[in-house]
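Undergrad: sequence and computational prediction follow.
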Amino acid sequence: MTETDGHYRRPSWVRVRLVNPLLRVLVLRAGLGRRGRGGQDVMRVLRVRGRRSGRSYDVPVRIAAWDGQRYSLSMLGESEWARNLRAAGAAQLLVGTRVEPVLAREIWAEEKAAFLTWYCQHPVCRLRARYGLKADTANLTAAEVDRLARQYPVFRLEPVGRSRPRRAGGRIATGIRATATTGRPARLRRPHALCQPDRQRC
């Protein structure tokens, strides 16, 4: 298990145009999924830089806590956000008025197999693994885990410094810097809309 096989499942129009934008608004404005269920299934908006465009894209993701670490699994396989995160190696996690910079490490081999085995058997994640990943959670074999590892990227998310509040209106505190000449704050470009996971170049 050294790399994914390029598996990609295109999301529905409803997911792209309705569900994802709604989840993004609920996570950012209402703090939806802040604590998840029993510390699992936590929701965040992942802000990641596009590997080609250099623009920032927002996409709602779910985060699992395993063995003292946080992980995010791309349920669609080689999605645009997964490929962007792999290239960038860093991102921001947003919820409510908080933003947390993180490092993203894609996991492989034994760590990935162990995580996927745990994920498929955890009570909170089992149904998502069964219907989202099409995993045979009742009869999980080494061959099934190997298939999942080849099809679905998994990233370990490691914190970088302390999370900071966002300014009113959705602007990020880390997105403001002082210019060398005036000393006044210069705002970075606003992030692009949701990166649509439909194989567009992000």
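TA: Looks like it arrived, so ask away. Numbers count the residues shown, from 1 in each chain.
Undergrad: burial measure for the closest residue to residue 35 other than its chain neighbours, as a count.
TA: Excluding the flanking residues, the one nearest residue 35 by C-beta to C-beta, 6 or more residues apart in numbering is residue 42, at 6.8 Å. (Glycine included, C-beta is placed from N, CA and C.) The number of residues packed near residue 42 is 19, by other C-beta atoms under 10 Å.
Undergrad: so what's residue 42 up against?
TA: Contacts for residue 42 (C-beta atoms under 8 Å, 6 or more residues apart in numbering) come out as 33, 34, 35, 36, 62, 63, 64, 65, 70.
Undergrad: ok, now with 7 Å
TA: Taking C-beta atoms under 7 Å, 6 or more residues apart in numbering, we find residue 42 in contact with 33, 35, 36, 62, 63.
Undergrad: show me the two of these that sit farthest apart.
TA: Spanning the widest gap among the contacts of residue 42 are 35 and 62, at 12.8 Å by C-beta to C-beta.
Undergrad: ok, those two, which is more surrounded?
TA: Using other C-beta under 10 Å, the more surrounded residue of residue 35 and residue 62 is residue 62, with 19 against 12.
Undergrad: so what's the residue count around residue 91?
TA: Residue 91, neighbours per other C-beta under 10 Å, totals 27.
Undergrad: ok, it touching residue 47?
TA: Yes. Judged on C-beta atoms under 7 Å, residue 91 makes contact with residue 47 at a distance of 6.0 Å.
Undergrad: for this structure, what helix or strand is lowest in average pLDDT?
TA: Using mean pLDDT, DSSP states H and E, strand 176-178 stands out as the lowest-scoring helix or strand of the chain, at a mean of 35.
Undergrad: run through the chain and note the low-pLDDT ranges.
TA: The model of the chain has pLDDT under 70 over residues 1-3, 162-201.
Undergrad: and the residue sitting nearest the centre point of it, what is it in contact with?
TA: What sits nearest the mean C-alpha location of the chain, by C-alpha atoms, centre = their mean, is residue 61, with 4.3 Å. By C-beta under 7 Å, 6+ apart, the contact list for residue 61 reads 44, 46, 72.
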